[in-house]
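In: Please work out how this folds:
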Amino acid sequence: MCGYRCYFLDERDRFRDVEAFTAADDNEAIGKAQYLIAERDCFAGFEVWQGARCVAASTVDQGASDQLARFLAQQTAQLLHDLDQIEGRLDLVERVTRSMQERQPCAIN
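Out: Model prediction:
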């Protein structure tokens with residue numbers, strides 16, 4: 001893993017914030033930077049640096065940001081659905097367990 005920094009830019013391409021992170025390679029670092037900038041809607045772009053080397057620079061594409069927001073909303077909805085199913089299964093397991101615990105063993109004479 002390598003150390004990278006993502007610098008967040010304002011509309012005049014001035015650095016306004018920075019976040020350090022690690023990534024396996026440049027492509028992963030750029031993907032992480034795109035995710036980070038999508039989380040922050042107050043910046044106009046970003047630059048990814050590894051040491052003194054500029055890996056990538058980009059302005060915010062509102063369409064890409066909207067697409068990421070839709071993707072995250074879909075994933076959240078799916079996770080909530082899955083959680084509901086898991087909770088239902090746990091409830092069933094608890095009811096079966098209680099039912100089995102309430103039964104008295106038969107005495108054999």
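
In: Let's verify the residue nearest to A20 when sequence neighbours are not counted: helix, strand, or coil?
Out: Leaving aside its sequence neighbours, A20 sits nearest to R5 (CB to CB, 6 or more residues apart in numbering; 5.1 Å). C-beta: built from backbone N, CA, C; applies to glycine. Here R5 takes the strand state, with states given by DSSP: H, G, I helix; E, B strand; the rest coil.

In: OK, contacts around R5?
Out: Residues counted as contacts of R5 (CB atoms under 8 Å, 6 or more residues apart in numbering) are V18, E19, A20, F21, V48, W49, Q50.

In: could you redo the last one with a cut-off of 10 Å?
Out: Contacts for R5 (CB atoms under 10 Å, 6 or more residues apart in numbering) come out as V18, E19, A20, F21, A29, A33, E47, V48, W49, Q50, G51, V55.

In: My guess is the second one contacts F43. True?
Out: No - E19 is beyond contact range of F43, at 11.1 Å (criterion: CB atoms under 10 Å).

In: Tell me which of the two has more neighbours.
Out: F43 (18 against 15; other CB atoms under 10 Å).

In: Would you check that the more buried one makes contact with V18?
Out: No - the pair F43 and V18 fails to qualify as a contact (CB under 10 Å) at a distance of 11.1 Å.

In: shared neighbours of the two, anything?
Out: Each of Y7, F8 lies in contact with both F43 and V18 under the rule CB under 10 Å, 6+ apart.
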